[in-house]
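Trainee: Build the 3D model from these lines:
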Amino acid sequence: MERKERFARIILNGFEAYFADFQNITLAARTRFENTDWHGVQQGSRDRIDLYKIKVRAVLDYVKLVAGDQLENLDFWREAKPVYAELLRGHNNFEIAETFFNSVFCKVLDHAEIRDDYAFVFSPRGDMPPSDMSKVLRRYPVEDDFRDAFTRLLDAYSFNVPWEDRERDVGFITAMIDEVLVAPRIDLDAGSVRLEVLEHHFFRNKSAYIVGRIVAGEEQMPFALPVRHNERGAVYVDTVLFGADRVSVIFSFTRSYFMVDASVPSQYVLFLRQLMPAKPISEIYSAIGHYKHGKTVYHRTAVRHMQNTADEFAIAPGIKGMVMLVFTMPSYEYVFKVIKDRFTAPKEVTREEVMQKYQLVKRWDRAGRMADTQEFRKLVFARDQFSDELMEELYREAPSQIEERGRALILNHVYVERRMDPLNLYLQHATDEQVNDVMDEYGNAIKQLAAANIFPGDMLLKNFGVTRHGRVVFYDYDEIMPLTDCNFRRIPAPRTEEEELSGQPWYSVGPNDVFPEEFRLFFSGNQRARKAFDARHGDLYDVEFWWRLQQQIHNGVITTFYPYRRRLSFPRKDTELKRTG
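Mentor: Numbers count the residues shown, from 1 in each chain. Below is the predicted model:
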């Protein structure tokens with residue numbers, strides 16, 4: 001056996017070992033849900049994210065041994081790539097295996113020379129495998145009415161714990177259909193109506209989701225059923241989410257990755273894309289845990305976009321950051337963030353600390369309030385697509401991150417995340433109703449982050465964005481810390497007139513000290529926003545609010561996060577029961 005074939009097989013074996021362990025962690029999610037092991041849910045999520053780097057490093061030891069002095073020889077990689085591609089012929093998950101090959105290449109070559117000659121920048125088999133998604137669907141014909149179909153569905157998706165009241169939940173679901181959705185447009189006598197449902201549950205936080213669609217001829221209606229525990233050892237359907245937009249929100253880039261038993265992920269991705277046509281394929285791969293391949297797919301679509309637009313990159317709208325230089329282009333729905341070489345006072349964090357914060361966010365339960373990011377090293381752009389103003393800014397603020405090679409501009413380290421309207425800019429043109437809604441969202445974002453044991457640090461309006469669904473999301477991570485590390489204090493009363501008139505604090509301030517009374521300063525110059533916020537979230541100025549949250553976290557309480565409005569929940573006798581535990 002030639003050295004290149006042994007080399008390629010080691011990488012493929014490494015991928016298979018990674019995928020098997022990924023699946024094993026995922027398969028345990030159902031038992032954790034049934035046992036209400038919420039701390040295990042969080043640990044499993046972190047373990048699965050960490051697994052990829054662990055497996056790439058493990059493979060590296062063996063490929064070094066086999067390749068010897070040829071390991072960094074690009075000609076060796078050029079010849080090994082088609083060998084690996086041939087090994088993948090007929091492989092169900094070739095696209096993710098190609099990404100694993102790329103990761104080993106980047107680890108060896110330190111992300112330099114990333115070209116299609118040596119790695120799978122573009123797949124020779126195309127972005128998506130020709131997967132048969134019908135193999136992962138369960139079908140339930142709808143005959144006289146929807147009740148029987150949804151009863152059979154809930155029976156098939158039951159757990160090793162009982163339903164609280166299955167008939168009641170089926171009644172809620174069918175009432176929603178009869179009232180507002182399908183019945184007026186569907187001829188049940190035609191016999192063409194059915195439910196099509198992905199065969200396995202989606203697990204995240206303290207919930208399980210059943211995801212599918214109602215099909216009537218050429219029409220479809222996506223739906224998701226969130227299943228939750230009550231406090232008596234039973235489960236119930238909390239609501240039904242109909243339509244692409246509402247289903248899309250539960251797969252948001254602001255939420256932790258799902259655990260779903262998808263042995264051929266592309267089958268799930270293809271079906272989910274049909275349910276949510278506006279959601280990028282890269283984000284769907286990431287949403288089911290394959291965030292590294294999501295990054296590969298994102299890069300491919302980004303390259304195609306840049307090659308087919310005359311737009312220039314320019315500095316992103318909004319107040320310039322003290323730590324990050326942010327740029328984008330008008331036709332593009334993502335922003336690029338580069339860490340500056342020197343931070344504007346009073347910022348005192350280091351580059352390494354900022355990178356650690358971004359890694360923390362990747363591994364944390366983002367609670368629907370922190371944007372996921374993709375991290376790139378040595379990312380190549382066309383130099384002529386950068387505006388003069390942006391180039392001046394890059395050379396002024398981050399010269400260590402720039403390398404120009406002919407017509408190419410290489411940025412050594414970049415974060416990419418979805419583009420949002422900065423909250424401070426959104427407020428400038430918002431109606432009174434929009435201000436009320438978005439400031440309620442802003443307060444909810446702070447509270448939900450805190451419940452997830454995250455303190456944003458700098459809560460200025462410019463550090464939050466508004467999504468197309470109207471949700472407020474935090475995206476500036478350089479000052480975040482666990483809420484339990486904060487020392488929340490009241491401002492001491494001044495002891496003298498001199499102290500009262502002083503422009504400087506008359507009391508000592510430790511590095512982790514936080515004074516909630518000062519949060520009012522975040523609204524300087526926007527009294528309309530301040531008034532709306534105070535009417536809904538004035539409790540955030542009270543130090544005892546934060547002490548109570550810290551105590552809950554210390555007591556092991558894990559909060560339930562809802563990726564939809566609570567008003568959508570079905571009414572239950574237990575509605576007033578606590579939703580945390």
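
Trainee: Assumed residue 427 was part of a strand.
Mentor: No - read with DSSP: H, G, I helix; E, B strand; the rest coil, residue 427 is helix and lies in no strand.

Trainee: all helices of the stretch 151-300 of the chain, in order?
Mentor: Ranges of helices in the stretch 151-300 of the chain, per DSSP state H, counting those that start in this stretch, are 166-180, 244-250, 265-275, 281-287, 291-307.

Trainee: now the stretch 351-500 of the chain
Mentor: Along the stretch 351-500 of the chain, counting by DSSP H, counting those that start in this stretch, helices occupy 351-363, 388-397, 423-428, 432-451, 497-501.

Trainee: nearest to residue 460, of those helices?
Mentor: Closest to residue 460 of the helices of the stretch 351-500 of the chain, according to CB to CB: helix 423-428, at 7.7 Å. Yep, even glycine has a C-beta here, placed from its N, CA and C like the rest.

Trainee: For the closest one, name the packing helices and strands.
Mentor: Judged by 3 or more CB pairs under 8 Å, 6 or more residues apart in numbering; DSSP states H and E, helix 423-428 is in contact with helix 432-451, strand 464-466.

Trainee: Out of these, which is the most enclosed?
Mentor: strand 464-466 (a mean of 24; mean count of other CB atoms under 10 Å).

Trainee: Give the partner strands of that strand in its sheet and their orientations.
Mentor: Paired neighbours of strand 464-466 in the sheet (DSSP bridges): strand 421-422 (antiparallel), strand 472-474 (antiparallel).

Trainee: Which one, of those strands, ends up nearest to residue 61?
Mentor: Closest to residue 61 of the strands paired with strand 464-466 is strand 472-474 (CB to CB; 38.8 Å).

Trainee: what does that closest one rub up against?
Mentor: Contact with strand 472-474 is made by 254, 368-371, 420, 423, 438, 441-442, 444-445, 449, 456, 463-467, as judged by CB atoms under 8 Å, 6 or more residues apart in numbering.

Trainee: Recalculate using a threshold of 10 Å.
Mentor: For strand 472-474, contacts defined as CB atoms under 10 Å, 6 or more residues apart in numbering pick out 252-254, 361, 366-371, 417-418, 420, 423, 426, 437-446, 448-449, 454, 456-459, 461, 463-467, 480.

Trainee: Buried residues in the longest helix anywhere in the chain, which are they?
Mentor: Counting residues, the longest helix found in the chain (DSSP state H) is helix 38-67. Buried positions in helix 38-67, judged by neighbour count with 16 or more other CB atoms under 10 Å: 38, 40-42, 44-45, 47-49, 51-52, 55-56, 59-60, 63, 66-67.

Trainee: Over to stretch 225-235?
Mentor: Under the neighbour-count criterion of 16+ other CB under 10 Å, stretch 225-235 has 225, 226, 227, 228, 229, 230, 235 buried.

Trainee: what's the answer for stretch 344-352, then?
Mentor: Across stretch 344-352, burial judged by 16+ other CB under 10 Å covers 347, 349.

Trainee: Now for the nearest residue to residue 375 once chain neighbours are set aside, how many residues are close by?
Mentor: Distance criterion CB to CB, 6 or more residues apart in numbering; nearest residue to residue 375, sequence neighbours excluded, is residue 415 at 5.7 Å. Close neighbours of residue 415, defined as other CB atoms under 10 Å, add up to 21.

Trainee: try the one 10 residues further on
Mentor: Taking other CB under 10 Å as the neighbour definition, residue 425 ends up with a count of 16.

Trainee: contacting residues around it?
Mentor: Counting by CB under 10 Å, 6+ apart, residue 425 touches 317, 318, 319, 461, 462, 465, 466.

Trainee: I'd like to know how many residues surround the fifth one.
Mentor: Spelled out, that is residue 462. Around residue 462 there are 16 residues (other CB under 10 Å).

Trainee: buried residues in stretch 325-333?
Mentor: Across stretch 325-333, burial judged by 16+ other CB under 10 Å covers 325, 326, 327, 328, 329, 332.

Trainee: next one: stretch 392-404
Mentor: Within stretch 392-404, the residues scored as buried using 16+ other CB under 10 Å are 393, 394, 397, 398, 401.

Trainee: Tell me how the protein divides into domains.
Mentor: Per the record, the chain has its domains at 3-109, 133-305, 310-419, 423-568, by automatic domain parsing.

Trainee: How far does the first one sit from its chain's centre?
Mentor: Which is domain 3-109. With CA atoms, centre = their mean, to the nearest Å as the basis, domain 3-109 stands 22 Å off its chain's centre.

Trainee: Between the two ends of it, how far is it?
Mentor: 19 Å (CA to CA, to the nearest Å).

Trainee: picking up where we left off before, if we only consider the contacts of residue 425, which is nearest to residue 217?
Mentor: residue 466 (37.5 Å).

Trainee: wait, what's in contact with that closest one?
Mentor: Neighbour list for residue 466: 420-423, 425-427, 430, 434, 437-438, 441-442, 472-473 [criterion: CB under 10 Å, 6+ apart].
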